[in-house]
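In: got a predicted structure plus its sequence, pasted below:
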Amino acid sequence: MNSSIFFSFSSKLISSTFQVHLADSKIDQYKLIKGNYTEINFPIIFKQKYGHKLLDIIDTGCVGLFLISDKLKTVLENNSLTGWKIFSIEVYDKKDNLVLGYHGLSVTGRCESASFNQSKIIEKQFISTGPICKYYKGISITQWDGTDFFSPKTKYQTFITQKAANLLKKNKITNMQIENITEYEVDIRHANKS
């Protein structure tokens, strides 16, 4: 499998961007990420926590759980991209005003695993007097189901195909971070190699 056609998908985590959190901390956010809605009542309520700029991707404080704009939803639908679905939400700002035009994003496509088992190990020194740190470079993906949006069965990172990456870039989706998985770097100290 040629892994160079895959990209990691996330937000830019910019502090000025409107960010939210779940109003009900008892909701299983990991079920929402994977699209398993068993025992979840909708709409899911989110409240503003930080920032002010409303962009196409909104962070929720949970890795892998994003809210998407009407614009991004339309791009996904109009281009028949696969491996995702939306869930009903309500978003409120700090003054309890309803913020319209957003949806919860679940990733339903799957791959068997995403690992660093075949990664290169590189070294970086960020300042001349600082320590040399080791990084894994590149992620290996196995047994992908062919969808445009997908995640490993037991992890929460989202990956997308070249087709999806091209369409999202072409449509100038805001607050989006995509990176070819062959270039993806993770500090060895923070990575689970399996």
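Out: Perfect, I can see it now. Numbers count the residues shown, from 1 in each chain.
In: against Glu185, how distant is the residue sitting furthest away from the middle of the chain?
Out: Most distant from the centre of the chain: Thr129, at 34.4 Å, with distances by C-alpha atoms, centre = their mean. Here the distance between Thr129 and Glu185 works out to 22 Å (C-beta to C-beta, to the nearest Å). (Glycine included, C-beta is placed from N, CA and C.)
In: got it, and Ile5?
Out: 19 Å.
In: what sits against the residue farthest from the centre of the chain?
Out: Contacts for Thr129 were tallied using C-beta atoms under 8 Å, 6 or more residues apart in numbering; there are none.
In: tell me the phi and psi of it?
Out: phi -100, psi 0 (degrees, to the nearest 10).
In: how close does it sit to Asp187?
Out: Counting by C-beta to C-beta - Thr129 and Asp187 are separated by 19 Å.
In: repeat for Ala165
Out: Counting by C-beta to C-beta, the gap from Ala165 to Asp187 is 24 Å.
In: over to Gln125?
Out: 13 Å.
In: Thr142 against Gln118, yeah?
Out: No - between Thr142 and Gln118 there is no contact under C-beta atoms under 8 Å: 10.1 Å.
In: neighbour count winner among those two?
Out: Thr142 (13 against 10; other C-beta atoms under 10 Å).
In: give me phi/psi at the more buried one?
Out: Backbone torsions of Thr142, given as degrees, to the nearest 10, read phi -120, psi 150.
In: quick one: contacts for it?
Out: Contacts of Thr142 (C-beta under 8 Å, 6+ apart): Met1, Cys111, Glu112, Ser113, Ser115.
In: in this protein, where is pLDDT below threshold?
Out: 1-4, 190, 192-194 (pLDDT under 70).
In: for this structure, just list every one of the helices.
Out: 29-34, 70-78, 162-170 (DSSP state H).
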